[in-house]
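Asks: give the three-dimensional model of this entry:
(2 chains)
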Amino acid sequence: GNSVTQMEGPVTLSEEAFLTINCTYTATGYPSLFWYVQYPGEGLQLLLKATKADDKGSNKGFEATYRKETTSFHLEKGSVQVSDSAVYFCALSDPYNYGQNFVFGPGTRLSVLP
Amino acid sequence: GAVVSQHPSWVICKSGTSVKIECRSLDFQATTMFWYRQFPKQSLMLMATSNEGSKATYEQGVEKDKFLINHASLTLSTLTVTSAHPEDSSFYICSAREQDITRTQYFGPGTRLLVL
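Replies: Here you go, the predicted model:
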């Protein structure tokens, strides 16, 4: 079945550091890929998405490129801020596999220190 | 982007009472909504898929008589936790799915339930 693997956290960075959170997936079809962010005590917010190979999703300084050859969708940001402290979830949606609606990774907790 | 609301955001109740949580898609129609449960510092656990006009589909291990789901319109799904017990205390999150090929899910802000 489909699955998503994320790097283990927590990740602790200083403000203005470069961020990479790795995400790889396994899918039988052609999934859409997503990054969601969850701030403390809140629900999930869609951060960015990509629907086909080589697409780049971007939002609020975050970027991720859909790499079919490496089945990856790594999240990057050039300069993190304290306000980016949150849990980040990688997810996939396989529209051709109706048995699995959405598959989430376990989440990566990011702490940014001033 | 699409907006999903949940109500209430916080609820405290006595053991044995029932609690209803509403999930609304505010600016799009959703034939399918989802209910998740999240334990502290863990990922989301899918409880059930809510289909407009038909019965919900429950994940293995989720009691359908305990967690009643009603999806009466294209913008509203409700989750009722019946005869709540302290072990039902959790963070409940709903999502609504767009009707396009990407099947993007938009999430509500969550409802924190505390059963005393």
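Asks: quick one, phi psi at the residue of chain B positioned farthest from its centre?
Replies: No residue in chain B sits farther from the centre than B:Ile101, which is 22.9 Å out by CA atoms, centre = their mean. B:Ile101 adopts backbone torsions of phi -70, psi -30, taken as degrees, to the nearest 10.
Asks: where does it land on pLDDT?
Replies: With respect to pLDDT, B:Ile101 has a value of 72.
Asks: how near is it to B:Leu76?
Replies: Using CB to CB, to the nearest Å, B:Ile101 is found at 25 Å from B:Leu76. All C-beta atoms are positioned from the backbone trio N, CA, C, and that covers glycine.
Asks: one more: B:Leu68?
Replies: Distance of B:Leu68 to B:Leu76, computed by CB to CB: 14 Å.
Asks: quick one: the strands in chain B?
Replies: B:4-7, B:10-13, B:19-25, B:32-38, B:44-51, B:57-58, B:67-73, B:76-81, B:90-97, B:105-107, B:111-115 (DSSP state E).
Asks: nearest residue to the middle of chain B?
Replies: B:Trp35 (3.4 Å).
Asks: leaving out chain neighbours, which residue sits closest to it?
Replies: B:Met47 (4.6 Å; CB to CB, 6 or more residues apart in numbering or on different chains).
Asks: check B:Ile69 too.
Replies: B:Ala56 (3.9 Å).
Asks: let me see the contact set for that neighbour.
Replies: B:Ala56 makes contacts with B:48-50, B:64, B:69, B:71, as judged by CB atoms under 8 Å, 6 or more residues apart in numbering or on different chains.
Asks: does A:Val80 touch A:Thr12 like I think?
Replies: No - with contact defined as CB atoms under 8 Å, A:Val80 and A:Thr12 do not form a contacting pair (10.6 Å).
Asks: those two - which one has more neighbours?
Replies: Neighbour count, other CB atoms under 10 Å in any protein chain shown: between A:Val80 and A:Thr12, A:Val80 has more, with 22 against 12.
Asks: over to the residue nearest to B:Ile69: give its phi and psi.
Replies: Dihedral angles for B:Ala56 - degrees, to the nearest 10 - are phi -70, psi 150.
Asks: once you drop chain neighbours, what's closest to B:Thr102?
Replies: A:Ser32 is the one closest to B:Thr102 (CB to CB, 6+ apart), at 4.2 Å.
Asks: so what sits opposite that neighbour in the bridge?
Replies: A:Ser93 (DSSP bridges).
Asks: number of residues surrounding it?
Replies: Using other CB under 10 Å: A:Ser32 sits among 23 other residues.
Asks: ok, the one 10 residues further on next?
Replies: In terms of burial, A:Glu42 registers 16 neighbours under the definition other CB under 10 Å.
Asks: contacts only, for it.
Replies: Going by CB under 8 Å, 6+ apart, A:Glu42 touches B:109-110.
Asks: report pLDDT for it.
Replies: For A:Glu42, the pLDDT comes out at 90.
Asks: ditto for A:Gly99
Replies: Looking at A:Gly99, its pLDDT stands at 54.
Asks: B:Phe39 too?
Replies: Predicted confidence (pLDDT) for B:Phe39: 89.
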